[in-house]
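K.L.:
I'll drop the sequence and a predicted model, then ask my questions.
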Amino acid sequence: MFLPSVLALFLYFPKDKSEYIPAGITCFIFLIGALLTMRLIIIISKREEKKAKELEEQLIKNQTIQRNS
């Protein structure tokens, strides 16, 4: 019953479309920041995966050496 009036509080469509420009710029800045953050997480993850793989290979090598001794 009062749902349209509640939604009207959150929706704002300006008559002057130039008011969308700051929002677009802000959205673009945050999009670039999100992409850079995602890329950084992927790079760090690959680095950690490489370290874990090297550690695993070292542990396997140590186990085989101890079994053969």
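P.N.:
Received the coordinates, thanks.
K.L.:
show me where pLDDT drops low in the chain?
P.N.:
1-5, 7 (pLDDT under 70).
K.L.:
report the longest helix in it, please.
P.N.:
Identified as the longest helix of the chain according to DSSP state H is helix 20-68.
K.L.:
got a list of what the residue nearest in space to the middle of the chain touches?
P.N.:
By CA atoms, centre = their mean, the chain has its centre lying nearest to Met38, at 3.7 Å. Residues near Met38 by CB atoms under 8 Å, 6 or more residues apart in numbering: none. The way it works is simple: take the backbone N, C-alpha and C, and place the C-beta from them, glycine included.
K.L.:
roughly how far apart are it and Gln63?
P.N.:
37 Å (CB to CB, to the nearest Å).
K.L.:
cool, Glu19 as well?
P.N.:
Using CB to CB, Glu19 is found at 66 Å from Gln63.
K.L.:
kindly report the same for Leu40.
P.N.:
Going from Leu40 to Gln63 by CB to CB gives 35 Å.
K.L.:
now Leu55
P.N.:
13 Å.
K.L.:
and Glu49, how far from Glu56?
P.N.:
10 Å.
K.L.:
before we move on, what about Lys15?
P.N.:
On the measure of CB to CB, Lys15 and Glu56 end up 63 Å apart.
K.L.:
looking at the two, which one has more neighbours?
P.N.:
Using other CB atoms under 10 Å as the criterion, Lys15 and Glu56 rank with Glu56 on top: 10 against 5.
K.L.:
quick one: Leu36 and Gln58, what's the gap?
P.N.:
Between Leu36 and Gln58 the distance, using CB to CB, works out to 33 Å.
K.L.:
sorry, wrong one. I was asking about Lys50.
P.N.:
Spatial separation of Lys50 from Gln58 under the definition CB to CB is 13 Å.
K.L.:
repeat that for Ile65.
P.N.:
According to CB to CB, Ile65 and Gln58 sit 11 Å apart.
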